[in-house]
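Asker: Quick one: sequence plus predicted model below, questions after.
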Amino acid sequence: MSTVVGEVDQHDDHHHHAPSGITRWLFTTNHKDIGSLYLWFSFIMFLVGGSMAMVIRAELFQPGLQLVDPHFFNQMTTVHGLIMVFGAVMPAFTGLANWMIPMMIGAPDMALPRMNNWSFWILPFAFTILLASLFMEGGGPAFGWTFYAPLSTTYSSDSTALFVFSVHIMGISSIMGAINVIVTIMNMRAPGMSYMKMPLFVWTWFITAFLLIAVMPVLAGAVTMVLTDKYFGTSFFDAAGGGDPVLFQHIFWFFGHPEVYIMILPSFGIVSAIIPAFSRKRLFGYASMVYATAAIAGLSFLVWAHHMFTTGMPVFAELFFMYCTMLISVPTGVKVFNWVATMWRGSISFETPMLFALAFVILFTIGGFSGLMLAITPVDFQYHDTYFVVAHFHYVLVSGAIFSIMAAAYYWLPKWTGHMYDEKLAKTHFWASLISVNVLFFPMHFAGLAGMPRRIPDYSIAFADINQIVSIGGFAFGLSQLIFLWVVIKCVKGGEKAPAKPWEGAEGLEWTVPSPAPYHTFDTPPEVK
Amino acid sequence: MSERPTQPDNTRIVRRLLLTVVGMFAFGFALVPLYNVFCDITGFNGRFTDGQAAANTKTVDTSRTINVQFITRVNKGMPWGFEPEVQSVRVHPGETKVVNFFAKNLTGKNMVAQAIPSVAPGEASLYLNKVECFCFNQQPLAAGSDTAMPMQFYLDPEIPEHIHTVTLSYTMYDMTENAQPDALAALAQPVN
């Protein structure tokens, strides 16, 4: 892995015709530029979607209706979900993939750089369309991010077409990104980089990309059917015309369940890079991690109806989906076991990436356990559509996916910027986030178990105290993320010079190139032994 | 970048992946007929094979009695009255029963409606045979008029032992905009 000596001057060797200013970013085909664009875009979307969460929590601070009207509240819950899923988490992972995968496998760039440019630059249009629909007469989408028919067909506002087209564009973007990742990994690995030598982040993204290719087209089909049902007189989901609204849920969750693994598998890859680095040990059970990831991806296609236990399925189907769902906890348990075993007798230090990774392991596991509770059909009848579900998926998505993205950002920031981030400030960000995220989401479990329904702007006064605590946690968590913004900007602007490998125990090709990573890396493929 | 010896064949992989994308898009739509077939075969979701059942030739099993309940509702915004003559009947498997349903058009316009059935538990839908049902056809009703609509059914004696109650629910939908020609023709006759 030492073949990259001499790459230091590489930047000067290439007096490439890169334009400067805005056109550099508009026309760029460089994987690092596009990675940065994705990451900044996702952070902006994170703040936009977060502001909507603040509106939701402000309205729910007290029982009764005070700040916004219920229709607007519904638009907030809907667009918050859409933006966080498609605008924040997914583009952040694609950004990390763009930055890191070529460097991790010793490739000079992504395999299809022009398509890469397209897949990013259509995203801002998608979200402009979605956000613009909020200002239309009748408001934006207000049917929940799951857009169940007939809410999204018979009862939706006139702007639904905008929602449909923006989801189409997001889907096209994800599919192009996934194709790019697959082709890059299959064709651009450095000599000697066999599949079973790839870092786990590359492996998890490889599998995620196949999931994206398999299910994003199904989502596109679902929104297309909503579009034709609403505007062109078809009856896919309209019982009066021979359709079936429950069919919508089947199609949606056939996409939707693999989608949740799309949002968590890359996290597993990130954590599998960070925990060994700061434990100064090799990852325990590399091969089992790969197989577990593949097993989770395969099983994710067999569990979709666990979102629909209350639709009146026959007992046999409920049992089938319940057992398959519980089966997923086996490969997931293998992963958690491997992370803990990696730390066992390691020489652990607690820099910010490690803190976020540790918080990920613990909090994601809590989210996994509440998922197991929800998987049990008879109790799901109680939990369904309550705040317990909200608590569950925020534990896996916020303290799971987003914490892993934060961990990744801190871990690779020195490589991206060439500067060390401010460790003290970063730790402040970590502790503020960790405490507030639990104040925010943990009490939701109790509100849900006590019967508080989700997506409703008002609630019984019995839930007043819990909601006040949750809202305070929410505001604190929102504000804490501004510390992150501060750390990143500070790190981009300057700071202690980062060496090529700032983390003692880190492994991988990305640490063999200087920091900041030159504009072009691995023009000559490294030799991997 | 020309130092790479052979540029591997990206196009082939991209073509295959794009084919998969197109295939999965088509699969999303294929789920619609697949779902219907699946529901018809298994009775999942209480859907019917809409067709008319053959006349009853089964032997009556007097050792069992099953309670058949009827629920009627009109779709949101549908200005009709719609109710069964009885809330429930007790039948032996194999026994043929006729139940009347009453519909009244409460508006001042001629309308056409369609009743959509659903059965709970879904499993029972495989054993509920309708010899005659208003739900097979669209129902035209002139402004302000009412009608009695018969439904003749029998339960197959094969119906599983554990089923003691079958609920048959009808939802009446306004189909005036999408009425079939024969339903419209029935309305075209002068009403006095």
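Answerer: Nice, thanks for sending it over. Residues are numbered from 1 along each chain as shown, chains lettered A, B, ... in the order given.
Asker: looking at this, B:Gly94 is in a helix?
Answerer: No - per DSSP: H, G, I helix; E, B strand; the rest coil, B:Gly94 lies outside any helix segment and is coil.
Asker: That one contacts B:Asn56, doesn't it?
Answerer: Yes - using Cβ atoms under 8 Å, B:Gly94 is in contact with B:Asn56, at 7.1 Å. Heads up, the C-betas are built off the backbone N, CA and C, glycines and all.
Asker: count of neighbours near the closest residue to chain A within chain B?
Answerer: Closest to chain A within chain B is B:Gly28: 2.6 Å, counting by Cβ to the nearest Cβ. Applying other Cβ atoms under 10 Å in any protein chain shown, we find 22 other residues in the vicinity of B:Gly28.
Asker: May I ask which helix or strand encompasses the nearest residue to it once chain neighbours are set aside?
Answerer: The shortest distance from B:Gly28 to any non-neighbouring residue, by Cβ to Cβ, 6 or more residues apart in numbering or on different chains, is to A:Gly221 (2.6 Å). Remark: A:Gly221 resides in helix A:200-231, with elements defined by DSSP states H and E.
Asker: swap in B:Lys104?
Answerer: strand B:96-105.
Asker: Now do the longest helix along chain B: distance to the chain's middle.
Answerer: Among the segments of chain B that qualify as a helix by DSSP state H, the longest is helix B:10-42. The chain centre lies 26 Å from the centre of helix B:10-42; the measure is Cα atoms, centre = their mean, to the nearest Å.
Asker: which bits of the stretch 51-200 of chain A sit near chain B?
Answerer: Contact residues, the stretch 51-200 of chain A versus chain B (Cβ under 8 Å from any Cβ of the partner chain): A:Pro108, A:Ala111, A:Leu112, A:Ile175, A:Ala178, A:Ile179, A:Ile182, A:Val183, A:Met186, A:Asn187, A:Met188.
Asker: Out of the residues you listed, which comes closest to A:Val68?
Answerer: Nearest to A:Val68, judged by Cβ to Cβ, of those is A:Ile175 at 35.2 Å.
Asker: Just give me the neighbour total for the closest one.
Answerer: Look at A:Ile175: counted by other Cβ under 10 Å, it has 23 neighbours.
Asker: packing partners for the helix or strand encompassing it?
Answerer: Using DSSP H and E, A:Ile175 sits in helix A:160-187. Where contact means 3 or more Cβ pairs under 8 Å, 6 or more residues apart in numbering or on different chains; DSSP states H and E, helix A:160-187 is packed against helix A:90-105, helix A:113-121, helix A:123-132, helix A:200-231, helix B:10-42.
Asker: ranking these by burial, who's on top?
Answerer: Of all the helices and strands packed on helix A:160-187, helix A:90-105 has the most neighbours on average by mean count of other Cβ atoms under 10 Å in any protein chain shown, namely a mean of 27.
Asker: And it, how far out from the chain middle?
Answerer: Put simply, helix A:90-105 sits 13 Å off its chain's centre (Cα atoms, centre = their mean).
Asker: quick one: it to helix A:200-231, angle?
Answerer: Put simply, helix A:90-105 runs at 150 degrees to helix A:200-231, going by axes from the mean of the first three to the mean of the last three Cα atoms, to 10 degrees.
Asker: what about chain B, any weak spots by pLDDT?
Answerer: B:1-8, B:43-52, B:188-192 (pLDDT under 70).
Asker: quick one: pLDDT of the nearest residue to A:Val390 once chain neighbours are set aside?
Answerer: Nearest non-adjacent residue to A:Val390, counting by Cβ to Cβ, 6+ apart: A:Arg454, 5.0 Å away. On pLDDT, A:Arg454 comes in at 95.
Asker: A:Thr3 now?
Answerer: Listed pLDDT for A:Thr3 reads 42.
Asker: could you pull out the strands for chain B?
Answerer: Secondary structure of chain B (DSSP state E): strands at B:66-74, B:80-84, B:88-91, B:96-105, B:111-120, B:128-133, B:139-141, B:146-155, B:165-174.
Asker: which one of those has the most crowded surroundings?
Answerer: Highest mean neighbour count of the strands of chain B: strand B:139-141, a mean of 24 (counted as mean count of other Cβ under 10 Å).
Asker: Tell me which strands that strand pairs with, and in which orientation.
Answerer: Next to strand B:139-141 in the sheet, as set by DSSP bridges, lie strand B:111-120 (antiparallel).
Asker: same for the helix holding A:Gly221, what does it pack against?
Answerer: Counting contacts by 3+ Cβ pairs under 8 Å, 6+ apart, helix A:200-231 packs against helix A:90-105, helix A:160-187, helix A:245-262, helix A:265-279, helix A:286-299, helix B:10-42.
Asker: in the second one, what counts as buried?
Answerer: Looking back up the chat, that one is helix A:160-187. A:160, A:162-185 (16 or more other Cβ atoms under 10 Å in any protein chain shown).
Asker: By proximity to chain B, which residue of the stretch 101-250 of chain A wins?
Answerer: With Cβ to the nearest Cβ as the measure, A:Gly221 is the residue of the stretch 101-250 of chain A nearest to chain B, at 2.6 Å.
Asker: so what pLDDT did that residue get?
Answerer: 96.
Asker: Would you enumerate the residues in contact with it?
Answerer: Applying Cβ atoms under 8 Å, 6 or more residues apart in numbering or on different chains, we find A:Gly221 in contact with A:Ile251, B:Phe25, B:Phe27, B:Gly28, B:Phe29, B:Leu31.
Asker: Including distance to A:Val488, could those go into JSON lines?
Answerer: As requested, the contacts of A:Gly221 are arranged in JSON lines below (distance: Cβ to Cβ, whole Å):
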{"residue": "A:Ile251", "distance to A:Val488": "39"}
{"residue": "B:Phe25", "distance to A:Val488": "38"}
{"residue": "B:Phe27", "distance to A:Val488": "41"}
{"residue": "B:Gly28", "distance to A:Val488": "39"}
{"residue": "B:Phe29", "distance to A:Val488": "43"}
{"residue": "B:Leu31", "distance to A:Val488": "43"}
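Asker: Closest to A:His306 out of those residues?
Answerer: A:Ile251 (15.5 Å).
Asker: which residue packs closest to that closest one, ignoring adjacent ones?
Answerer: In space, and not counting its chain neighbours, A:Ile251 is closest to A:Ala222: 4.7 Å by Cβ to Cβ, 6+ apart.
Asker: A:Ala506 now?
Answerer: Among residues not flanking A:Ala506 along the chain, A:Ala277 sits closest, at 4.1 Å (Cβ to Cβ, 6+ apart).
Asker: List the contacts of stretch A:55-71.
Answerer: A:73, A:76-77, A:80, A:139, A:142, A:457-461, A:463-464, A:467-468, A:470-471, A:474-475.
Asker: Now list the buried members of those residues.
Answerer: Counted by 16+ other Cβ under 10 Å, those give A:73, A:76-77, A:80, A:139, A:142, A:457, A:459, A:463, A:467-468, A:470-471, A:474-475 as buried.
Asker: For the residue positioned nearest the centre of chain A, give me its contacts.
Answerer: Centroid check for chain A by Cα atoms, centre = their mean gives A:Val89 as the closest residue, at 2.9 Å. Residues in contact with A:Val89, defined by Cβ under 8 Å, 6+ apart, are A:Ser42, A:Met263, A:Leu397, A:Ala401, A:Ile402, A:Ile405.
Asker: do the same with A:Thr204
Answerer: By Cβ under 8 Å, 6+ apart, A:Thr204 lies in contact with A:Leu265, A:Pro266, A:Ser267, A:Phe268, A:Gly269, A:Ser272, A:Thr293.
Asker: ok, now B:Met24?
Answerer: A:Ile213, A:Ala214, A:Val215, A:Met216, A:Pro217, A:Val218.
Asker: For the stretch 201-350 of chain A, what lies in contact range of chain B?
Answerer: Taking Cβ under 8 Å from any Cβ as the contact definition, the stretch 201-350 of chain A meets chain B at A:213-222, A:225, A:233, A:236, A:239-241, A:244, A:246-247, A:250-251, A:254-255, A:311-314, A:317.
Asker: No further questions, thank you.
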